[in-house]
Structure formats: structure tokens, C-alpha cells
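In: A predicted structure for the sequence below; I have some questions about it.
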Amino acid sequence: VLGGIRNGSHFPNGSHFPNGSHFPNGSHFPNGTYFPDGTTGGVLQNVHIRAGAPPLIRVSGQLWPLDLPALTPQDTETIVGGALQAGQMFLSAAGSSASGTVNIGGDAGTVVGFLIAGNVSTNNDTQVGSTASGVVNVGGSLALANGTSTFIGSTLGPDRSLDGTRFNRASGAVTVGGTLNVAAGNNMTIGFTSDGVADGALQVGALEMAQAIASLQVGRSAQGEAHGLLSVGGGTLKVGSLFLGVSDGGTASGRLLLNQAGLQAERVQAGSGGGRAELRLQDASATVSDDLSLLDGLLSLDRSLLDVGDQLTLGPAAEVHLGIDGLLRGVSFGAIDTLFADLAGALTIDLSGLVFGGGGAVFDLLRSGGVDGIHGDFTSVSFLGLASGYAAAAAIELDGGIEVYRLRLSQLDVPEPASLALTLLALGMLA
């Protein structure tokens, strides 16, 4: 809802906005105002806001400029100085639908209360069976005030009918080109449903968080289908509990992509109960103070370090990808520190970015905290980009009283010319 106008609202033929109707920033439509050229019976789909131009609205597929002065940067901040919602269905009859797009070219100010893009909320069976989709694009920065809740691609409440024939569906996407500033007391849900279908994505240029939010759910369902994506290009994501690709019997996928960014979490639950997760770090770092479990999905570390304070658990369907571009641990090659590790699944070691300069090298891919710090092992280990003339071996070793998972690269012996000639002569005689 922007200024009391709900994206996706329908206006019957002949409707007009009476005196006192409000648009964001306190703008008024005078008595008798209507959408020109017969569009009074259309559907308000999008609101486009950009500094330096008046607001635009899309009605039945066509953009109309409002008869208002050009917005200043301060105006755009004021417009979204409250709840920001696009594509919200709230306690509507079954079969209802809403779609909305909000485009803000510069900084968007502070959102208070709710940031919603694509949400269906119901509380009884007669309301189940609605659809919502919402898109929010901010070219600059956006702030979330203390206590603001974020729902991107979510269904809340009962979302499948008692006879199983109807369900709620929601999709949402929020893109912030600049910095997303998140105050304390916030929760975030990206791609969440109980028994419906939900798909959500949040992509930010950078994150700024004064302290950790309590929980973050990216791709989580009970019996339904949920997909979520969070991509961060800078700053540090701070969260208490992170749920990534988690389901209780349905299907779910959750992806967290950190590029030149950090993660600070108390615990991480990923790829469980029918869900699959992807945690990808590139030139990044992640610290989990308690446990991290990845039962199904991908953990990819390129020039990054993952530090787990207690237990790292990898399931049989887990895949670990470690990129090695140099000799500096956690800086030029992916590495893991953990107090305890329970290993399973597949390990892929990517050496394609490493310059082989002769001789051998040792890489501590995983370091535990004790003499019995590693349980189990990877069911398979594969090497990508291993240079000709080199051998690679990865295994658990004991080093200074702690167990480590270590990669050793060694250069194969090249026969002396005389020895090579004798070998060829012997082979010729056998022929």
C-alpha cells in the first residue's frame, strides 16, 4: 500500500477520487479526478517513483503521469517513510489476485513497520486460493526501522483448502542497488509458506546492520513448496538463527550468496527435511558461533574462510566445493575451522586457479579443535584443474594434537634421460 492506494486494487467504471483522497507525500487528487481516456475502470498495477520527475502510475498496462510537481530526493524518502508494500493480498476472498511494482530511482528513505513484496495472508478456508506478486526496485539505499518485518514471496496463515484443491501462491523480489540498512528488532522471511507455493528474492549491493536480527528464513516450507534467494555484495549479514532451504515434508530451496561480504550467525540449519541449500562465499568470511548443519546442498568457498564455533555436520547429500588459487589459508583458498566436524557427502577441490610452480604444497582444508575432532569422512573426493605431472591426495591427519583434513600436492618424478632410454629400449624388445 502506497499512501492508501493498494497495488492491484480495482476501480469500477466511473470511479473517481473524491476530495481528500491521498497519494504518498500528502498529495491530493482534487474533487472529480479520474483516470483519463476511459481508464476509470482499469486496474492500478504499478507506482513509479523517481527524483526529478512526477510519480507515474500504470493503469491497465499503460503509464500515466500524475499532475504533480517533480519529486525531490527528499520527497522520495518521505513517500516510503512508512510501510512499503507491493503485491499484498490480505484476508481476501478465494481467487483474488494482486500484483504491484515499485520503482525508486534513488535513495528510498526509511521503511517503518513492514516491507512486503508478494504476500498472501488468510485466516480461514474461504480465503484460500489467492495469488500475489510484488517487485520493489530501489536504485540507491533503503533503511528498515527498528521492528520492521520483511516478507518477500510469502504466504501466511492457512494456505491450502481443506479439500486440497486450492492453495495460495506468492512471488516477490526486492533489489536494492545501494546499501540496505537494517535496524534492530527485525525479522526477515524470503520465500516462505506452510502448504502453498512461495518464491522470494532479495538482492542488495551491501548490508549495514547495527546488531543481529533474531531469525532469517530463506526458502522454508512445512508441506508446501518454497524457494528463496539472498544475495549480498558487501557488508556483514548478522543473524541469530539462519534457516536455508528447510522443509518439514514439502520441498524447499534456499540460496545465500555472499560476495565480498561477511556472515555472523549463532546457528545455521540448511538443506533439511526435503529442502536443499546453497551457501556460496566468494572473497568472503562466515562465523557461526554454535552449529552449522548442511544435510543436502552445496557449500562453496572461494578465497573464503568458514569458522564454526561448535559442530559442523555434513549429510550424505552435501557437496563441498573448495577453490584453491594460492597458499594463503582463507584468503587465496577456501578453508574451514570448526571445533568438531561430522563429515559425509562429496568434496570437490578446484585447482584450476592455482599456478603450479614446481615442488609440492600442503593445504589445511579443514582444521578441528582436538585430537578426535573429525568424525566420518567424505564419500568421494574429486580434483579439478590438477596440472599434468602432479599428484593430489586429501585425507585426515593428526597435527600437533588436532585432526586436520589436509590436501597434499606433490610433483611426480620425471625419469632421467638415460633411464627413460633404457625403459623405451626394454619396451621395444618386448614388442
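Out: Here it is on my side, so go on.

In: so V112 versus L56, what's the distance?
Out: As judged by CB to CB, to the nearest Å, V112 and L56 stand 24 Å apart. Using the backbone N, CA and C atoms, a C-beta is placed for each residue, glycine as well.

In: quick one, which of the two is more surrounded?
Out: V112 (18 against 15; other CB atoms under 10 Å).

In: mind listing what that one touches?
Out: G81, G82, A83, A145, T148 (CB atoms under 8 Å, 6 or more residues apart in numbering).

In: mind exporting the strand or helix carrying H321 as CSV, just the C-alpha atoms?
Out: Assigned by DSSP states H and E, H321 belongs to strand 305-323. Output of strand 305-323 as CSV, limited to C-alpha atoms (Å, rounded to 0.1, in the frame of the first residue of the first chain):
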residue,chain,number,x,y,z
LEU,A,305,37.0,-18.8,5.5
LEU,A,306,34.2,-20.5,7.4
ASP,A,307,34.6,-20.6,11.1
VAL,A,308,32.1,-22.8,13.1
GLY,A,309,32.3,-22.5,16.9
ASP,A,310,30.9,-25.9,17.7
GLN,A,311,29.7,-28.7,15.4
LEU,A,312,29.8,-28.8,11.6
THR,A,313,27.5,-31.6,10.3
LEU,A,314,27.5,-32.6,6.6
GLY,A,315,24.9,-35.0,5.4
PRO,A,316,25.3,-37.7,2.7
ALA,A,317,23.7,-35.4,0.1
ALA,A,318,26.0,-32.5,0.9
GLU,A,319,28.6,-31.1,-1.5
VAL,A,320,31.6,-29.1,-0.5
HIS,A,321,33.4,-27.1,-3.1
LEU,A,322,36.8,-25.5,-2.2
GLY,A,323,38.6,-23.3,-4.6
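
In: immediately after it, which helix or strand?
Out: strand 335-343.

In: next, the angle strand 305-323 makes with that following strand.
Out: Using axes from the mean of the first three to the mean of the last three CA atoms, to 10 degrees, the inter-axis angle of strand 335-343 relative to strand 305-323 is 80 degrees.

In: direction included, what does strand 335-343 pair up with?
Out: strand 305-323 (parallel), strand 361-367 (parallel), strand 374-376 (parallel) (DSSP bridges).

In: what mean pLDDT does the first one have?
Out: Pointing back at strand 305-323 there. Mean pLDDT, strand 305-323: 98.

In: list the buried residues in that strand.
Out: Residues of strand 305-323 classed as buried by neighbour count (16 or more other CB atoms under 10 Å): 305-309, 311-315, 318-323.

In: and if you look at the last one?
Out: The neighbour-count criterion (16+ other CB under 10 Å) identifies I374 as the buried residues of strand 374-376.

In: alpha carbons of the helix or strand following that strand, as CSV, please.
Out: Where DSSP H and E defines the elements, the next helix or strand beyond strand 374-376 is strand 380-384. Only the C-alpha atoms of strand 380-384 are listed here, as CSV (Å, rounded to 0.1, in the frame of the first residue of the first chain):
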residue,chain,number,x,y,z
SER,A,380,34.1,-39.1,-2.6
VAL,A,381,36.9,-36.6,-3.4
SER,A,382,37.5,-35.2,-6.8
PHE,A,383,40.1,-32.7,-8.2
LEU,A,384,39.5,-30.1,-10.9
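
In: does anything pack onto strand 380-384? Which helices or strands?
Out: strand 346-350 (3 or more CB pairs under 8 Å, 6 or more residues apart in numbering; DSSP states H and E).

In: could you give the angle of the strand it packs on to strand 305-323?
Out: 80 degrees.

In: then strand 346-350 to CSV, C-alphas only?
Out: What follows is strand 346-350, C-alpha atoms only, in CSV (Å, rounded to 0.1, in the frame of the first residue of the first chain):
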residue,chain,number,x,y,z
ALA,A,346,31.2,-35.2,-1.7
LEU,A,347,34.3,-32.9,-1.7
THR,A,348,35.4,-31.1,-4.9
ILE,A,349,38.8,-29.4,-4.8
ASP,A,350,39.2,-26.8,-7.6
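
In: avg pLDDT for it?
Out: Mean predicted lDDT for strand 346-350 stands at 98.

In: parallel or antiparallel, list what pairs with it.
Out: strand 305-323 (parallel), strand 380-384 (parallel).

In: kindly reformat these as TSV containing distance to R160.
Out: Listed next are the strands paired with strand 346-350 as TSV, based on distance: least, CB to CB, whole Å:
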stretch	distance to R160
strand 305-323	27
strand 380-384	39
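
In: out of those strands, which comes closest to T179?
Out: Closest approach to T179 among these (CB to CB): strand 305-323, 23.9 Å.

In: how near is D399 to Q260?
Out: On the measure of CB to CB, D399 and Q260 end up 31 Å apart.

In: so for these two, which sits in the more crowded spot?
Out: Q260 (16 against 11).

In: let me know whether that one touches G233 as I believe.
Out: Yes. Using CB atoms under 8 Å, Q260 is in contact with G233, at 6.5 Å.

In: T126: what secondary structure?
Out: helix (DSSP: H, G, I helix; E, B strand; the rest coil).

In: number of nearby residues for it?
Out: Neighbours around T126, by other CB under 10 Å: 10.

In: okay, it: pLDDT?
Out: The predicted local confidence for T126 is 89.

In: with L328 instead?
Out: For L328, the predicted pLDDT is 95.

In: please determine how far it is located from A252.
Out: L328 is 36 Å from A252, by CB to CB.

In: give me the more crowded residue out of those two.
Out: Neighbours per residue, other CB under 10 Å: of L328 and A252, the larger number sits with A252, 32 against 10.
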